[in-house]
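Trainee: show me how the following folds:
(2 chains)
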Amino acid sequence: MPALFFEGALLGLSTGFYCLTACLPLLAPYLMAEGRALWKENVKILLQFLGGRLAAYLIFAVLASLAGQAGKYVMPGWLLPAATAACGLTMAALAVFRISAGPSACLLKADLNPFFKRLPLAIGFVTGINICPPFAAGLLRLLEIADVPRGVAYFTGFFCATSLFVSPVLLGTPWLGPRANDIGRLTLLLAGLWYAALGLTGLLTGQWA
Amino acid sequence: MKPLRVEREKILPAALFALLVLVPAFYFSGLIAGREISRYYALAWSLFAAAIAFAIAYTERVAFYRRIFFGVSALAFLFHFKTGLFVDTFEASCFKDTPFCHIAIAPAFLNYLYQQYLALMSPGWKLWGPLTLGAAWVFVTLALGRGWCAWACFYGGIDDALSARPGRPLLKLGWFERKFRDLPAALLVFLLLASFAYMLPVYCLWLCPFKLTGAFLDAEAPARKIQYALMGLAMTALVLGPLLTRKRIFCSYLCPFAAWQAFWGRLNPFRVTADAGKCTSCLVCVAACPMAAIRCAPGGQPEILAYCNLCGQCLDACPGGGFSYTVFGLELPARLSPFGRLLAVKYFYVFSALTLAAVFSALWGPAALRDLTLLVRGGQ
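Mentor: The predicted structure is shown next:
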């Protein structure tokens, strides 16, 4: 089991930069829009994001291991575009709500719907189910392993290693001020619209089929 | 119409100022353009810049003559470089090694590194790469700062010239102006992230209205259609925006480089400063600013935003003369003699901006003159 954990971690360490390119366009706008000049608040956001990713990885690990046992891979193809579209629309909705609420000083005091406060979880989940090349490599290995506990250990290692690449995003957040939040909200709107368009295009054109 | 009255005491100082611009402009333009075409074209381009300098020093109006230079420079760029995209006339261009647009190369990282490798291996400074382009940017930022967007940008002149056409705005931006003024900064952050994710020049592919061609758009038909549609929208913003609003809509709301330059431009010491004592809260400056960079602060005083590109429109517009060019907010002691007037911050700034813009535009201005000459003669 530890050997598989480290095997997954090595895969994550060697390909983590790729994960960063997939995660950053989703995570950074949210952090910029909703982050504060406080480590504690921003760490909470990052932990939620990582929690979403871990949940996605573990679900994937279980499904892929089960699929390996059955001799075939079963995963709903529409899940990624649907989740991407839903996440993008939620990001855009949050940004519109924040932008239309008024000047930034008042905005920071405005209470946020708890639904939106869990958005980093959804963002993490979307990046977690995104089948990038390193993820696909891990998936193939899981099909070969075809054992649920060992598959979970493998993907936990992969998650821990790739998280090392994502975590430095926190370093810039203690300097976030109201002005950066204002810019972040507009960035969140753009990113939300972009990912909603990507997800909806994927669903409508059936690229997952 | 007022009769033209020649103020003799202003002619010699203005001529001296024009000469101060002409000498470095011609020296460097000759070096740049003279490698490929006759230096007479570089001389003509430098004389044009010197004439602008003369007009500014003689009339003391910066914005009006700056706009003429800026607009002509951008037109020359479109004429020479962009038409080259269609008719393949890159032979006489400094950009002959550039496939479609030198800016598009920058975000295409691997291509960018390859260009730098070529630049280092053959002492070809004109090849674009991280070091050459980066060094040019640092120099421009230190010398011009945010003034890049008012004097030297080879695209901004189109937006700027068009924003001067309508007598009054047909469309007022209202709340949009306040809420979305940071859109270029947001676009910059988003596009950097998206370009990082896709390893592609996302802005150039999806938004840039200046590429004027679909030659390098996505090969996939549906994506290509959307890219064409977005390019059309950006073109509309570029052309119709200023005509309807008297604002540089594309530069103010859609150009990510404007946000980048607004951030780093503070390294440059030149500023436009408002004198609160002379302000009557008439808000003429807010309407006159083509970049939507002046806001009415509480108390009715003008607040100059970081997006100010020192174009000087507010200096011309303010009835009380409440705006001035300063160095970090400080003015030099006033001198009233004809030649002493040239020792004001305004002229140091204009000298710096105009000379650099004239030299930089020598990459395409003289070549555009040559193209025009050939066209008139019925040549190529």
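Trainee: what comes into contact with stretch A:4-16?
Mentor: Contact partners of stretch A:4-16, identified using C-beta atoms under 8 Å, 6 or more residues apart in numbering or on different chains, comprise A:19, A:133-134, A:137-138, A:141, A:145, A:150, A:153-162, A:164-165. (Each C-beta comes from the backbone N, C-alpha and C, glycine too.)
Trainee: measure the residue in the stretch 151-300 of chain B positioned nearest to chain A to residue B:292 for me?
Mentor: Closest contact between the stretch 151-300 of chain B and chain A, by C-beta to the nearest C-beta, is at residue B:186 (3.3 Å). As defined by C-beta to C-beta, to the nearest Å, residue B:186 lies at a distance of 15 Å from residue B:292.
Trainee: out of these two, which sits in the more crowded spot?
Mentor: Neighbour comparison, residue B:186 and residue B:292: the larger count goes to residue B:186, with 26 against 22 (by other C-beta atoms under 10 Å in any protein chain shown).
Trainee: which residues touch the residue nearest to that one when sequence neighbours are not counted?
Mentor: Of all residues not flanking residue B:186 in the chain, residue A:186 sits nearest, at 3.3 Å (C-beta to C-beta, 6 or more residues apart in numbering or on different chains). With contact taken as C-beta under 8 Å, 6+ apart, residue A:186 is in contact with A:95, A:99, B:180, B:182-183, B:185-186.
Trainee: ramachandran angles for the residue of the stretch 151-300 of chain B closest to chain A?
Mentor: Its backbone dihedrals place residue B:186 at phi -70, psi -40, with angles given as degrees, to the nearest 10.
Trainee: surely it meets residue A:192?
Mentor: No. The pair residue B:186 and residue A:192 does not pass the contact test of C-beta atoms under 8 Å, sitting 11.6 Å apart.
Trainee: report how many residues lie close to residue B:167.
Mentor: Close neighbours of residue B:167, defined as other C-beta under 10 Å, add up to 7.
Trainee: same check on the one 10 residues further on?
Mentor: The number of residues packed around residue B:177, counting by other C-beta under 10 Å, is 16.
Trainee: how close does it get to residue A:184?
Mentor: With C-beta to C-beta as the criterion, residue B:177 and residue A:184 are 20 Å apart.
Trainee: contact residues of chain B facing chain A?
Mentor: Along chain B, the residues adjacent to chain A under the rule C-beta under 8 Å from any C-beta of the partner chain are B:179-180, B:182-183, B:185-187, B:189-190, B:193-194, B:196-197, B:199, B:222.
Trainee: in ChimeraX, select just the buried ones from these.
Mentor: The following ChimeraX selection, which keeps only the buried ones among the residues of chain B next to chain A, applies the criterion 16 or more other C-beta atoms under 10 Å in any protein chain shown:
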select /B:179,180,182,183,185,186,187,189,190,193,194,196,197
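Trainee: from the residues of chain B next to chain A, pick the one nearest residue B:235.
Mentor: For these, the residue nearest residue B:235 by C-beta to C-beta is residue B:187; the value is 16.6 Å.
Trainee: so where does the closest one fall, helix or strand?
Mentor: Using DSSP states H and E, residue B:187 sits in helix B:183-198.
Trainee: what's the average pLDDT for that helix?
Mentor: Mean per-residue pLDDT for helix B:183-198: 89.
Trainee: next one: stretch A:38-56
Mentor: Rounded mean pLDDT across stretch A:38-56 is 89.
Trainee: and that stretch, what's buried?
Mentor: A:42, A:45-46, A:48-56.
Trainee: gap between the residue in chain A that chain B sits nearest to and residue B:69?
Mentor: When distances are taken as C-beta to the nearest C-beta, chain A approaches chain B most closely through residue A:186, which lies 3.3 Å from it. When C-beta to C-beta is the yardstick, residue A:186 and residue B:69 sit 33 Å from each other.
Trainee: ok, back up a step: just the ones in strands from the buried residues of stretch A:38-56, please.
Mentor: Secondary-structure check on the buried residues of stretch A:38-56 using DSSP state E: no residue lies within strands.
Trainee: show me what contacts residue B:365?
Mentor: The contact partners of residue B:365, by C-beta under 8 Å, 6+ apart, come to B:29, B:33, B:45, B:48, B:73, B:76, B:358.
Trainee: quick one: least confident helix or strand in the chain?
Mentor: Since you didn't name a chain, this refers to chain A. Among the helical and strand segments of chain A, the one scoring lowest on mean pLDDT, DSSP states H and E is helix A:104-107, with a mean of 45.
Trainee: my question was about chain B
Mentor: Comparing helices and strands within chain B by mean pLDDT, DSSP H and E singles out helix B:102-105 as the least confident, with a mean of 57.
Trainee: residue numbers of chain A in contact with chain B?
Mentor: When proximity is defined as C-beta under 8 Å from any C-beta, chain A approaches chain B at A:21-22, A:24-25, A:28-29, A:32, A:99, A:179, A:182-187, A:189-191, A:194, A:201, A:205.
Trainee: show me what contacts residue B:74?
Mentor: B:153-158, B:160-161.
Trainee: can you lay out the residues you listed as JSON lines showing distance to residue A:9, secondary structure and neighbour count?
Mentor: As requested, those are exported to JSON lines (distance: C-beta to C-beta, whole Å; DSSP: H, G, I helix; E, B strand; the rest coil; neighbours: other C-beta atoms under 10 Å in any protein chain shown):
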{"residue": "B:153", "distance to residue A:9": "48", "secondary structure": "coil", "neighbour count": "25"}
{"residue": "B:154", "distance to residue A:9": "49", "secondary structure": "coil", "neighbour count": "24"}
{"residue": "B:155", "distance to residue A:9": "48", "secondary structure": "coil", "neighbour count": "21"}
{"residue": "B:156", "distance to residue A:9": "50", "secondary structure": "helix", "neighbour count": "27"}
{"residue": "B:157", "distance to residue A:9": "54", "secondary structure": "helix", "neighbour count": "27"}
{"residue": "B:158", "distance to residue A:9": "53", "secondary structure": "helix", "neighbour count": "24"}
{"residue": "B:160", "distance to residue A:9": "55", "secondary structure": "helix", "neighbour count": "27"}
{"residue": "B:161", "distance to residue A:9": "59", "secondary structure": "helix", "neighbour count": "18"}
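Trainee: before we move on, the earlier item: of the contacts of residue B:365, which is the most crowded?
Mentor: The member of the contacts of residue B:365 surrounded by the most neighbours (other C-beta under 10 Å) is residue B:358, with 30 neighbours in all.
Trainee: that one contacts residue B:49, correct?
Mentor: Yes. Counting by C-beta under 8 Å, residue B:358 touches residue B:49, with 3.6 Å between them.
Trainee: which residues are common contacts for the two?
Mentor: Overlap between the contact sets of residue B:358 and residue B:49, as judged by C-beta under 8 Å, 6+ apart, is given by B:21, B:25, B:69.
Trainee: who wins on neighbours among these?
Mentor: Using other C-beta under 10 Å as the neighbour test, the shared contacts of residue B:358 and residue B:49 are led by residue B:25, with 27 neighbours.
Trainee: isn't that residue right up against residue B:361?
Mentor: No. Applying C-beta under 8 Å, one finds residue B:25 not in contact with residue B:361, separated by 9.6 Å.
Trainee: intersection of neighbour lists for these two?
Mentor: In contact with both residue B:25 and residue B:361: residue B:45, using C-beta under 8 Å, 6+ apart.
Trainee: grab the nearest non-local neighbour of residue A:12.
Mentor: Sequence neighbours aside, residue A:161 is the residue nearest to residue A:12 in space, at 2.7 Å (criterion: C-beta to C-beta, 6+ apart).
Trainee: okay, now the one you found: neighbour count?
Mentor: Counted by other C-beta under 10 Å, the residues lying close to residue A:161 total 21.
Trainee: which pLDDT value belongs to it?
Mentor: As summarised for this prediction, residue A:161 has a pLDDT of 92.
Trainee: could you check how far whichever strand or helix holds it is from the centre of its chain?
Mentor: With elements delineated by DSSP H and E, residue A:161 resides in helix A:148-166, which encompasses its position. Between the centre of helix A:148-166 and the centre of its chain there are 14 Å (C-alpha atoms, centre = their mean, to the nearest Å).
Trainee: what does stretch A:50-70 give?
Mentor: When C-alpha coordinates are averaged (C-alpha atoms, centre = their mean), stretch A:50-70 and its chain have centres 15 Å apart.
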